[in-house]
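Enquirer: Pasting the sequence and the predicted model now:
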Amino acid sequence: MKMYRDLLVWQKSMALFTEIYRLSKSFPKDETYGLTSQMRRCAVSIPSNMAEGYGRNSTNDYIRFLRVAVGSLYELQTQIEIALNLRYLSKSALSKLYESSREIEGMLSSLTKKLNAR
């Protein structure tokens, strides 16, 4: 298996994380410890859990950490909708983030299935 950094899903999750950080810089200051922080933690959790699971050198652990990454991704999808509802994000920004997150979701699902088949 490739190193986790070579996986396209990890690279795409890093790009999503970077975009979340960039966009959340414009959120109101009173959200610093609220939605901004929560979105950033979720976004950071996705590639981090992929890396940690990979580093466990156990297929079962890797799958467990990939599932944690998917959970963080679902949280992030909800939070970007909340940010839209609060008008912190535009519809076009939400659309781009959601499309990216759905692509990562599918890739994580495929990777998990592949690992389960071993």
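Expert: Structure received.

Enquirer: residues contacting residue 84?
Expert: Residue 84 sits next to 90-91, 94 when contact means CB atoms under 8 Å, 6 or more residues apart in numbering. Just so you know, the C-beta spots here come from the backbone N, C-alpha and C atoms, and that holds for glycine as well.

Enquirer: Tell me where this protein has helices.
Expert: 8-24, 35-55, 59-85, 91-116 (DSSP state H).

Enquirer: Okay, buried residues for the third one please.
Expert: So that's helix 59-85. For helix 59-85, burial by neighbour count (16 or more other CB atoms under 10 Å) applies to 62-63, 65-66, 68-70, 72-73, 75-77, 79-80, 83-84.

Enquirer: which one of the residues you listed is nearest residue 50?
Expert: Among these, residue 69 lies closest to residue 50 (CB to CB), at 5.4 Å.

Enquirer: Which residue, neighbours along the chain excluded, lies closest to the closest one?
Expert: Counting by CB to CB, 6 or more residues apart in numbering, residue 49 is the residue found nearest to residue 69 once chain neighbours are left out, at 4.0 Å.

Enquirer: Pretty sure the one you found sits against residue 73.
Expert: No. Using CB atoms under 8 Å, residue 49 is not in contact with residue 73; the gap is 9.8 Å.
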